[in-house]
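[1] Provide a 3D model corresponding to the input given below.
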Amino acid sequence: MKIFGCVEIHGGAFLYQPDRVFNGQTYVDFLERKLARRFYRSGEPMIYIQDNASYHKEALVWEWFAANRRWLEVHQLPPYSPELNAAEPLWHHTRVHGTHNRCFKNTQEIMTSLDGVFHSIQRHPDQILGYLRPFQ
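    The predicted model follows:
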């Protein structure tokens, strides 16, 4: 499964979007449809930290960041540092509560399980705030 995701470390808001591929265009689509709609507040800057996935470095992505710099400050994590990525504990939570030790008949069944975990996180961000404490 290919799933874009980000988490707001202070409140636990979690955004995700499944997709067929990871590339600059699908990432910009995620940023537009999920990140900007949820976190853009006129006059309130936001700091966004991303890892070093190859599609994060595409020109199209950085053009989008440049066009949105009035409200969005972007930082890259150092290479090979998943321990600094606040989303990593959520992916672990997702595996433990949604996919570990389970057999799925098809991708729709996997997505249904993942949606259940993700919606639970969205409805009850307190489930994951403990994971985010080291990043606050």
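
[2] the bottom helix or strand of this protein by mean pLDDT?
    Here the helix or strand of the chain ranked lowest by mean pLDDT, DSSP states H and E is helix 37-39, holding a mean of 87.

[3] what's the longest helix in the chain?
    Longest helix in the chain, counting residues (DSSP state H): helix 107-123.

[4] sorry, back to before: which residues touch the least confident helix or strand of the chain?
    8, 13, 15, 46 (C-beta atoms under 8 Å, 6 or more residues apart in numbering). To be clear about C-beta, it is placed using only N, CA and C from the backbone, and glycine gets the same treatment.

[5] gap between that helix and the chain center?
    13 Å (C-alpha atoms, centre = their mean, to the nearest Å).

[6] tell me the SS of the residue of the chain most remote from its centre?
    Ranked by distance from the centre of the chain (C-alpha atoms, centre = their mean), the top residue is Lys105, with 26.2 Å. Secondary structure state of Lys105, per DSSP: H, G, I helix; E, B strand; the rest coil, is coil.

[7] look up how far Val61 lies from it.
    Separation of Lys105 from Val61 (C-beta to C-beta, to the nearest Å): 35 Å.

[8] just to revisit the earlier point, can you point out the buried residues in the longest helix of the chain?
    113-114, 117-118, 120-121 (16 or more other C-beta atoms under 10 Å).

[9] got it, and stretch 20-37?
    23-24, 26-28, 30-31, 34-35.

[10] related to what we said a few turns ago, which neighbouring elements make contact with the helix or strand following the least confident helix or strand of the chain?
    Next in sequence after helix 37-39, counting helices and strands by DSSP states H and E, comes strand 46-50. Secondary-structure packing of strand 46-50 (3 or more C-beta pairs under 8 Å, 6 or more residues apart in numbering; DSSP states H and E): strand 72-76.

[11] kind regards, and thank you for your time.
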